[in-house]
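In: please find the sequence and the predicted model below.
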Amino acid sequence: MKQLLLFQDDPEVILKTEIEYLKEKIDTLRKGQHARISMLQKDLKDVKSELEFLKSHICKNDLFL
C-alpha cells in the first residue's frame, strides 16, 4: 500500500533536487573517466617504451627475419 502525500512538493524544488543529483552523478562519472584515461595513458607509455626496447635490441643483435 502506498501512502499519499498531503501536500505535493513544489515542482521547482523537485527539479532543483534532480539537478543537484545529476550534477553529483556527472562529477563522479567525470572523475572515473579521468582515472581510466590516466591509467590508459600510463599503459600506453609502458607499451611504447617496451616496443622501443625490443626494436633497439633487434637492431643491435642483428635479429632481422
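Out: Sure, I can see it. Residues are numbered from 1 along each chain as shown.

In: what pLDDT, on average, does stretch 53-65 get?
Out: Here stretch 53-65 scores 81 as its mean pLDDT.

In: Q33 in helix, strand or coil?
Out: Following DSSP: H, G, I helix; E, B strand; the rest coil, the label given to Q33 is helix.

In: just give the number of residues close to it.
Out: 10 (other Cβ atoms under 10 Å). Where C-beta positions appear, they are placed from N, C-alpha and C, glycine not excepted.

In: so how far is H57 from it?
Out: 36 Å (Cβ to Cβ, to the nearest Å).

In: hey, where'd the helices end up in the chain?
Out: Remark: helices assigned in the chain by DSSP state H are 11-60.

In: need the pLDDT of K2.
Out: On pLDDT, K2 comes in at 79.

In: give me the residue at the spatial middle of this structure.
Out: Q33 (1.3 Å; Cα atoms, centre = their mean).
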